[in-house]
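# just need the structure, nothing else, for what follows:
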Amino acid sequence: MSREIEGLERCCGTLGRRAFLHSSLVGLWGLGLADLLRAESSAAAAGAPAARRKSILVLWLWGGPSHMETFDLKPDAPSEYRGEFRPIRTNVPGIEICEHLPLLARMADKFALIRSCSHDSPGHVNSTHTMLTGYPGEREETPPYRPKYPDVWAVTNKVVGDWSTGVPPFVALGTTRYNGGAYLGAGVDPLVVAGDPNGAEFRVKELTVESSAQARFTRRAGLLQGFDTMRRTMDAAAEVGAFDVFQQKAISVLTSDAAGKAFDLQREDPKLRDRYGRHPVGQRCLLARRLIEAGARIVTVDFPSVPGQKAFSWDDHASVWNIFEQMKIRLPVLDQVVSALIQDIHDRGLQDDVLLVVMGEMSRTPRLSHSDGQPGREHWARSMSIFLSGGGMRMGQVVGATNRLGEEPVDRPVTPNDLLATWYQYLGVPLDTQFTDSGGRPVAILPQGQPIRELI
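Alright, predicted model coming up:
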């Protein structure tokens, strides 16, 4: 067995596509749109406060991108720390980022960097749980990898409610990983859209009604026959129930012009599609912007594999691949799509109402490791960088700093809870919100944390 395959088996963050799907078939999202809409309406009926129309778009770099190769380089550190890449100046004096991100370097006035985020979770699963719920994940990582606490997206979906029946409020473009609604139920989970939007055969089967079912919309039996996936998942959860108003709303999503138009990338200027990049991540990001503009509140984008990349992951262990070789493949793509998103959001006047976040669940060790002469970095969450743009927040700045070796924060430490508190405040979710868990106990959405004052 090759060294690469051995590494993939050891760490779920470096799973190849087939291996990951095999490990995560149980417990991923799946209840129907009717359940999602029903849950949101319940939140509104319970007196949930109305929020301003704010959206968030998250580009998730699964596996953990190294801060030392992206947004917090240490050119004066010893060679065993600093690596091969060098920083370049940006259009904001004093801010430097990686030399392989030249397009972003020209628009540092439009983004902010948090360089001092830190947590103690060691693995991909528990780190994701920590970053997205504010509660530490279980140290033992075993399938089906479902959370004990609802993540920030589920909470927001529950509290804020939907804006439009025509577009799903929460869409995940690509595989969602190890997060979800927990005791809030799967009705607040996203509509997951797989596939490559750049492909000629791309279609959103979840939003497509077979012609044979068109005449049976007004009958519950027709609905269940026309949507086999929805039927199976709802039956499994004992949620079939009556053919009620929420199923009617689900049908309106499935058949609305708004949803169909939002997912139709052929409506975009080919030059803009080229700017994003004619590859899966570029077209997913363009689609994410279209969905938000059409009325979606939350869109997450999984950074998929790009040509030449060994797996769809930023999990750069020395035992599986050469971190610098793989970063030279990924970083130009990241540079292209994020710079295109920022410019597009600004060109459309959305910079106050759309918050773009680029992040992963952890970072990598500041000190390089080697396996048979191959360089890499291992799991590390004690110092990590997070990229933000828009949302009406203060851009053109860096929040916090790490020490000269990039090992830990030395200025303005930021916790995942602080980041989540910032997002909640932005999205209109009161920080004192509580829910009742499956045991009947009241649980706060965050045990601690304060919004990051430098941003808001």
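# okay, CA-based contacts and neighbour counts for the rest of this
Fine.
# now stretch 392-404: buried residues?
Neighbour-count burial for stretch 392-404, with 16 or more other CA atoms under 10 Å as criterion, is recorded at 392-402, 404.
# brain fart, stretch 336-347
Across stretch 336-347, burial judged by 16+ other CA under 10 Å covers 336-342, 344-345.
# over to stretch 370-388?
Buried-residue list, stretch 370-388, by 16+ other CA under 10 Å: 374-388.
# how long is it from one end to the other?
Stretch 370-388 has an end-to-end distance of 32 Å (criterion: CA to CA, to the nearest Å).
# same deal with stretch 392-412?
Counting by CA to CA, the terminal residues of stretch 392-412 are separated by 22 Å.
# and if you look at stretch 139-151?
18 Å.
# tell me how far that stretch lies from the chain's centre.
Chain-centre distance of stretch 139-151: 17 Å, with CA atoms, centre = their mean, to the nearest Å.
# and that stretch, what's buried?
Within stretch 139-151, the residues scored as buried using 16+ other CA under 10 Å are 145-151.
# one more: stretch 321-328?
321-324, 326-327.
# one step back: show me which of the buried residues of stretch 336-347 is closest to D269.
Set against D269, the nearest of the buried residues of stretch 336-347 by CA to CA is D344 (12.1 Å).
# in a helix, the closest one, correct?
Yes - counting by DSSP: H, G, I helix; E, B strand; the rest coil, D344 is part of a helix.
# output stretch 59-72 as PDB, restricted to C-alpha atoms.
Only the C-alpha atoms of stretch 59-72 are listed here, as PDB (Å, rounded to 0.1, in the frame of the first residue of the first chain):
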ATOM      1  CA  LEU A  59     -16.300  28.800   1.800                       C
ATOM      2  CA  TRP A  60     -15.200  25.900   3.900                       C
ATOM      3  CA  LEU A  61     -11.600  24.600   3.500                       C
ATOM      4  CA  TRP A  62     -12.100  21.100   4.800                       C
ATOM      5  CA  GLY A  63      -9.000  19.600   6.500                       C
ATOM      6  CA  GLY A  64      -7.600  22.800   8.000                       C
ATOM      7  CA  PRO A  65      -5.600  25.300   5.900                       C
ATOM      8  CA  SER A  66      -2.200  26.300   7.300                       C
ATOM      9  CA  HIS A  67      -2.000  29.900   8.400                       C
ATOM     10  CA  MET A  68       1.700  29.700   7.800                       C
ATOM     11  CA  GLU A  69       1.100  29.300   4.000                       C
ATOM     12  CA  THR A  70      -1.900  31.700   3.700                       C
ATOM     13  CA  PHE A  71      -2.600  34.700   5.900                       C
ATOM     14  CA  ASP A  72       0.000  34.700   8.700                       C
END
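# tell me how far that stretch is from the chain's mean position?
On the basis of CA atoms, centre = their mean, stretch 59-72 sits 13 Å off its chain's mean C-alpha point.
# repeat for stretch 280-290
With CA atoms, centre = their mean as the basis, stretch 280-290 stands 13 Å off its chain's centre.
# related to what we said a few turns ago, for the buried residues of stretch 392-404, work out which two are farthest apart.
Spanning the widest gap among the buried residues of stretch 392-404 are G392 and R404, at 31.7 Å by CA to CA.
# where do the strands sit along the stretch 151-300 of the chain?
170-173, 191-193, 298-302 (DSSP state E, counting those that start in this stretch).
# can I get those strands in a markdown table with mean neighbour count?
Conversion of the strands of the stretch 151-300 of the chain to a markdown table gives the following (neighbours: other CA atoms under 10 Å):
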| stretch | mean neighbour count |
| --- | --- |
| strand 170-173 | 24 |
| strand 191-193 | 21 |
| strand 298-302 | 25 |
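# could you tell me the least trusted of these?
With a mean of 91, strand 191-193 has the lowest mean pLDDT of the strands of the stretch 151-300 of the chain.
# which strands and helices lie in contact with that strand?
strand 170-173 (3 or more CA pairs under 8 Å, 6 or more residues apart in numbering; DSSP states H and E).
# can you tell me what sits against the strand it packs on?
Residues outside strand 170-173 that contact it (CA atoms under 8 Å, 6 or more residues apart in numbering): 153, 157, 189-194, 284, 288, 296-302.
# let's see it at 6 Å
190-193, 298-301 (CA atoms under 6 Å, 6 or more residues apart in numbering).
# just checking: what are the partner strands of it?
Strand pairing for strand 170-173, using DSSP bridges, gives strand 191-193 (parallel), strand 298-302 (parallel).
# out of those, which gets nearest to A259?
Minimum separation from A259 across the strands paired with strand 170-173 (CA to CA) falls at strand 191-193, 12.2 Å.
# okay, the buried residues of stretch 139-151 in CSV with pLDDT next?
Formatted as CSV, these follow (pLDDT from 0 to 100):
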residue, pLDDT
Y145, 82
R146, 84
P147, 89
K148, 92
Y149, 95
P150, 96
D151, 96
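# which one among the buried residues of stretch 370-388 gets closest to Q425?
Scanning the buried residues of stretch 370-388 for proximity to Q425, where the rule is CA to CA, the winner is L388, at 15.1 Å.
# what are the pairing partners of the helix or strand harbouring that closest one, and which direction each?
Using DSSP states H and E, L388 sits within strand 384-390. Using DSSP bridges, strand 384-390 pairs in its sheet with strand 112-117 (antiparallel), strand 354-359 (antiparallel).
# just give me how far the last one sits from the chain centre.
For strand 354-359, the distance from its own C-alpha centre to the chain's C-alpha centre is 9 Å (CA atoms, centre = their mean).
# C-terminal to it, what's the next element?
That would be, after strand 354-359 and using DSSP H and E, strand 363-364.
# partners of that next one in the sheet?
The pairing partners recorded for strand 363-364 under DSSP bridges are strand 379-380 (antiparallel).
# can you list contacts of the strand it pairs with?
With contact meaning CA under 6 Å, 6+ apart, strand 379-380 is reached by 363-365.
# tell me the mean pLDDT over it?
Mean per-residue pLDDT for strand 379-380: 98.
# phi and psi next, for I97.
Dihedral angles of I97 (phi, psi; degrees, to the nearest 10) stand at phi -140, psi -180.
# from the buried residues of stretch 321-328, pick the one nearest F312.
Q326 (10.8 Å).
# about what we covered before: can I get the strands of the stretch 151-300 of the chain in CSV with distance to A105?
What follows is the strands of the stretch 151-300 of the chain, written out as CSV (distance: least, CA to CA, whole Å):
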stretch, distance to A105
strand 170-173, 27
strand 191-193, 32
strand 298-302, 22
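# so which of those strands gets nearest E138?
E138 lies closest to strand 298-302 among the strands of the stretch 151-300 of the chain, at 23.2 Å (CA to CA).
# can you show me the CA trace of that closest one as CSV?
The C-alpha trace of strand 298-302 is given here as CSV (Å, rounded to 0.1, in the frame of the first residue of the first chain):
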residue,chain,number,x,y,z
ILE,A,298,-27.1,30.9,4.4
VAL,A,299,-25.0,29.2,1.7
THR,A,300,-22.0,27.1,2.5
VAL,A,301,-19.6,26.0,-0.2
ASP,A,302,-17.3,23.0,0.2
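# off-centre distance for it?
Distance of strand 298-302 from its chain centroid, counting by CA atoms, centre = their mean, is 5 Å.
# so what touches that strand?
Strand 298-302 has contacts (CA under 6 Å, 6+ apart) with 55-60, 170-174.
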